[in-house]
Structure formats: structure tokens, C-alpha cells
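what follows is a protein structure lacking sequence information:
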């Protein structure tokens, strides 16, 4: 970058201030103004989407670091530190390339999301045959996970959706299959003595496509250390497009599901069945333009009804940030303690009192233990609230990590960036330009002067008009669009008069005359009586 970046920024703000002062930040006619508004709004949404994507990943910290470095270099250059200014001017292009390299996973995920969220959703309702395949797949997975959970058999099942996972099937160690899915087959694959149990199973279009698949482990530092390789592989699989990963823990026998890089630990197989039915949505009536505007009240009501029967414990990635403490209870014991604490707060169960060794007397419940039970109750209540959101709307549950006030701030920040970019385009790419036009002088309301008995003589027939406006607007302007005229409506006496030359342009709202030569015309007014 050969030019001085700081000088360019200074010129930009100087020209912007001049344009605002002169009233030249005008976009044209009504159509141009509407296009400009739509341009700013779409740019705002794009920037907001990118910021939301980065906000929910580790790239947010990297982005803040890059912004701080650039801001520090700009401040140093403005303060006269020429070395920092030189470094910034010569490394800004390198930083742009580094940005693409550093944020390559996030950019790839964003493009995949845009491809999956295409508005071209033409098509009719799903066929009953396809719905039957999905129903059979869900029931087979649920029954297999229930049996393997009871037997503490580790398993990892990946369900392929819109994003194709062909690269996983191209590994050397993969056993390619094309088998119908059933609970028995899944249990046989993950049986400890089976040669296929080491790895994951990929399900494509309701059939088992491959086994013994090695999935890239997630490098997400939010995962707890007590999560093993199988759980990290499940999160890593869910980060590949829109795949769903179901994992059964060999140590704890728990059933978990990973969606879009987040891990949810479920209580039982019924909760898994409810979530799979809600996520895969096999009973959706149509995929047409009307689905973009159809409400989701019926689906939400059904999900809430299912939630009342099944309790789901949401262990999100954020919940997994805490390190396991010494003497930490097993999940089943923790659930029992939570139930007892909740009942004690509601007054239905008295907390159990322990006996003092050697005395047979009851030890009173300490205030700290009561506070701990209350805190645990509130934490579990919050987890249940998040679980309700997961059942009600899985997509929003896995994506709504950013608090509402932060989303509002991101939207305002995105609008500010979009507006600055739009003004930058107007000032630099579409700068202010001037053009001079030679036009024939015309006369208006001359019949009024003649009706008063005046004889008008005009010596000059051409006028030069210089107009200033945006380059994209003024470059298409023709001489026929510029009219210079004299108005005789106010002439009420004879003699030598000087009348001002007035200019009318088809788009004068966003063009300004800066010079008219001559500005006044000498007119000889005589009486014809």
C-alpha cells in the first residue's frame, strides 16, 4: 500500500464534512433514495450476520485483537509516531490476507449457512414414504441408544442432513455400507467385540452409509476435561455443516446430542426421541413460499406438551466451562440432590439431618448447605428453562448465545459501519464532479410583458452553466436537460433592465449550479404604443 492511509482517512472526513456543509450528500430522485436506503439496510444485515457469527466463536477475541492493534497504530500515527504509521501503511494488505486465513473456518461455516438458508424453497410436501423412513430412523436410533446406555456401551452416530459429508466416507479405514438402519444393527456395530465399534456411524438418507469413521476432534476450549474423545468427536462432527451427532458415554451411560458445535446431555431416550422429531421435522406439510410466512404456534404447543412429560438437562458448552471439582457427585446423585433441594424449598420434603458420629444426635443443617441447595436449585431451574427453549425451538436454542442487549448493540454498531461505508463510497468511488454546459437562453412569460404593451429585445442567445453533483449523476446529464431562462413576469416598466438568468435542471434536487455566465442579462424594454 503505497499511499498514506492516514492521509486518505483525513481526506475522506474532510470531503465528507464539505459535502454535508454544501448539502451535496444527496442521492438523486426518489428511486435513487430508495435504492440507497435498501443498500444501507442490506449492508447492515450482512455486517450484523458476520459479527454474530464471529461473536459466537473464538474468532471474536482475534477480531478484537486486530481492531485494538489497528486502533493503536492509528492513534500513534496521529500523535506523530511515524514508525507506527509506516508499519501500518505497509502491512494493512497483509492483515487483510491474514484475516481471511485466520477466520477461514468461520467464513466457510457462514457460506454453508447461507447455502442452507436459501430462500428458493420451492417444492411440495414431503412424501409419506420419506416420512416413514425418517420415523423408522428415529425409532431405531432411540431404541439402540437406550439399550447401549443401559449397558454402558460407547457409541457415536452422525446424521447427515443438507451438508454432504462425503469426505468422511473417503477415509482409508472406513467400512462403506449401504444398509437399512435398525436398532439391532447399530448395537452390533458398537458392540465392544465388534471390529467396527471404534469410530462413528454415518447415516445418510435414512440408511447406514459407513462405519468406523474417524471424525476430526473439536478444538473448542469450552469443553470440560471430563468429556472424552467421543464427545469431542461429536462436537467436531456437528461443526461440519448442519450434521447432528448422537453420543452414548461408555463411562456414565449418558445420552448426548451435539448440534452446531454445542453439546446437550439428555436424561433419557425419550428426550432424544422428542428432540429428533423436532429437529428433523418429518411432519412438515410443505416446503413452499408459504412456509416462509407460516406461524409455528402449533409446533411450539406440541413441543411444550412433550416437555411436560420429559425432562431434559441441558449441558451447553458454556455450562461445561467449569472444571470438575474434587468430590464432585455423579450425575445421577446430583439429580437426586437437586430433586430433594427443590422439594425442600417448596416445603414438601424436610431436608435429611445427618447424625454426629458417636453420639447418635442429629446434626443441624448448616446455612451454607441450605444456600448450596438453593443455588443448585436455581441453576437447575435455569437449565430447565434452557431445555424448554431447546425443545420449543432447537434452532434458536443452539444459536441464541448472545444476550439481547448485546444483539441490539451489535445491530447499532453494524448500522454505523454500514452508514460509514456507504458515505465512503459516495465520497471516494462516487466523488463530487463539475461539468459546464452551453445552453440556449429561453424566455418565459414573455407574453405577459407583451400584453402590457412592452417590446422586448434580448441581445444574448447562449449561456454557460456549470453544475456540480455526484459523478454517477452528472456524467449522464445532457445539454438538453439544462434550461437557462429569463422570466418576464415581473417586468412592469420600460427602460434598460438587468434580469437574472435562472437555471432549471431535470434533477436539480441533487445538482447545484456553481457558475452561470452571464448571471444577468441586460434587457431593453420599450413601449409599443
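Noted; the coordinates are in hand. Please read all numbers here as calculations on a predicted model, not as lab measurements.

residue contacts, residue 471?
430-433 (CB atoms under 8 Å, 6 or more residues apart in numbering). (Glycine included, C-beta is placed from N, CA and C.)

tell me the buried residues within the residues you listed.
Among those, the ones that count as buried by 16 or more other CB atoms under 10 Å are residue 432.

restricted to helices, list the contacts of residue 471.
Under the assignment DSSP state H, the contacts of residue 471 contribute nothing to helices.

would you format the contacts of residue 471 as JSON lines with distance to residue 183 included?
Converted to JSON lines, those look like this (distance: CB to CB, whole Å):
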{"residue": "430", "distance to residue 183": "65"}
{"residue": "431", "distance to residue 183": "70"}
{"residue": "432", "distance to residue 183": "73"}
{"residue": "433", "distance to residue 183": "74"}
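
assign a three-state SS to residue 455, would you?
strand (DSSP: H, G, I helix; E, B strand; the rest coil).

returning to that earlier point: quick check, nearest of the contacts of residue 471 to residue 231?
Relative to residue 231, the closest of the contacts of residue 471 is residue 430; by CB to CB it sits at 53.5 Å.

which residues touch the closest one?
470-472.

where does the stretch 51-200 of the chain dip in pLDDT?
56-59, 74, 77-78, 92-93, 106, 109-110, 112-129 (pLDDT under 70).

which residues in it form strands?
Along the stretch 51-200 of the chain, counting by DSSP state E, counting those that start in this stretch, strands occupy 155-159, 175-180, 200-204.

of those, which is nearest residue 412?
strand 155-159 (38.5 Å).

can you give the contact residues for that closest one?
Under CB under 8 Å, 6+ apart, the answer for strand 155-159 is 137, 141, 144-145, 148, 165, 168, 186, 190, 199-203, 213, 215, 230, 233-234, 237, 243-248, 280.

of the contacts of residue 430, which belong to helices?
471-472.

nearest to residue 528 among the contacts of residue 430?
Nearest to residue 528 among these, with distances taken as CB to CB, is residue 470, at 47.5 Å.

now the closest one. Nearest residue, chain neighbours left out?
With sequence-adjacent residues excluded and distances taken as CB to CB, 6 or more residues apart in numbering, residue 470 is closest to residue 430, at 5.3 Å.

ditto for residue 254
residue 265 (5.6 Å).

where do the domain boundaries of the protein fall?
The record's domain parsing of the chain by automatic domain parsing lists 5-117+404-428, 128-285+295-321, 431-527.

highest average neighbour count across these?
Mean neighbours per residue, mean count of other CB atoms under 10 Å, is largest over the domains of the chain for domain 128-285+295-321, with a mean of 18.

returning to what we had before: name whatever forms a beta bridge with the residue nearest to residue 254.
Here residue 265 sits in beta bridges with residue 256, going by DSSP bridges.

picking that back up, may I see the strands of the stretch 51-200 of the chain organised as JSON lines, with distance to residue 445 added?
Formatted as JSON lines, the strands of the stretch 51-200 of the chain follow (distance: least, CB to CB, whole Å):
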{"stretch": "strand 155-159", "distance to residue 445": "80"}
{"stretch": "strand 175-180", "distance to residue 445": "88"}
{"stretch": "strand 200-204", "distance to residue 445": "81"}
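
ok, which of these comes nearest residue 410?
Of all those, it is strand 155-159 that lies closest to residue 410, at 31.7 Å by CB to CB.

quickly run through the sheet partners of the closest one, with directions.
Short version: by DSSP bridges, strand 155-159 pairs with strand 200-204 (parallel), strand 244-248 (antiparallel).

could those strands go into TSV alongside distance to residue 270?
Output for the strands paired with strand 155-159, formatted as TSV (distance: least, CB to CB, whole Å):
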stretch	distance to residue 270
strand 200-204	20
strand 244-248	14
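
of all the ones you listed, which one comes closest to residue 51?
So among those, strand 244-248 is nearest, using CB to CB, at 26.4 Å.

what sits up against that closest one?
141, 145, 148-149, 153-159, 161, 190, 200, 215, 230-231, 233-235, 237-238, 254-259, 272, 276, 279.

could you rerun that using 7 Å?
Applying CB atoms under 7 Å, 6 or more residues apart in numbering, the external contacts of strand 244-248 come out as 141, 145, 148-149, 153-159, 161, 230-231, 234, 237-238, 255-259, 272, 279.

correct me if wrong: residue 266 contacts residue 253.
No. Between residue 266 and residue 253 there is no contact under CB atoms under 7 Å: 11.7 Å.

what's the span of stretch 239-253 from first residue to last?
One end of stretch 239-253 to the other measures 24 Å (CA to CA, to the nearest Å).

rounded mean pLDDT for it, please.
For stretch 239-253, mean pLDDT is 87.

start at 115 instead
That works, and once the first residue is 115, the last one we named lands at stretch 353-367.

any idea how far the residue nearest to residue 562 when sequence neighbours are not counted is from residue 159?
Leaving aside its sequence neighbours, residue 562 sits nearest to residue 603 (CB to CB, 6+ apart; 5.4 Å). Per CB to CB, to the nearest Å, residue 603 is found 52 Å from residue 159.

same for the helix or strand hosting residue 627, what does it pack against?
Per DSSP states H and E: residue 627 is located in strand 625-631. On a contact count with 3 or more CB pairs under 7 Å, 6 or more residues apart in numbering; DSSP states H and E, strand 625-631 meets strand 576-584, strand 616-619.

quick one: contacts of the last one?
When you say that, I think you mean strand 616-619. 579, 581, 595-599, 601, 625, 627, 630.

wait, which of these is closest to residue 175?
residue 625 (48.3 Å).

which strand residues bridge the closest one?
Beta-bridge pairing for residue 625 (DSSP bridges): residue 583.

the closest residue to residue 346 other than its chain neighbours in helix, strand or coil?
Excluding the flanking residues, the one nearest residue 346 by CB to CB, 6+ apart is residue 331, at 4.4 Å. The local conformation at residue 331, judged by three-state DSSP, is coil.

now residue 331: phi and psi?
phi -70, psi 150 (degrees, to the nearest 10).

try residue 566
phi -90, psi 0.

which residue packs closest to it, ignoring adjacent ones?
Residue 566 sits nearest to residue 606 (CB to CB, 6+ apart), 7.0 Å away.

and what of residue 531?
Nearest residue to residue 531 in three dimensions, chain neighbours excluded: residue 161, at 5.3 Å (CB to CB, 6+ apart).

fine by me, we can end here.
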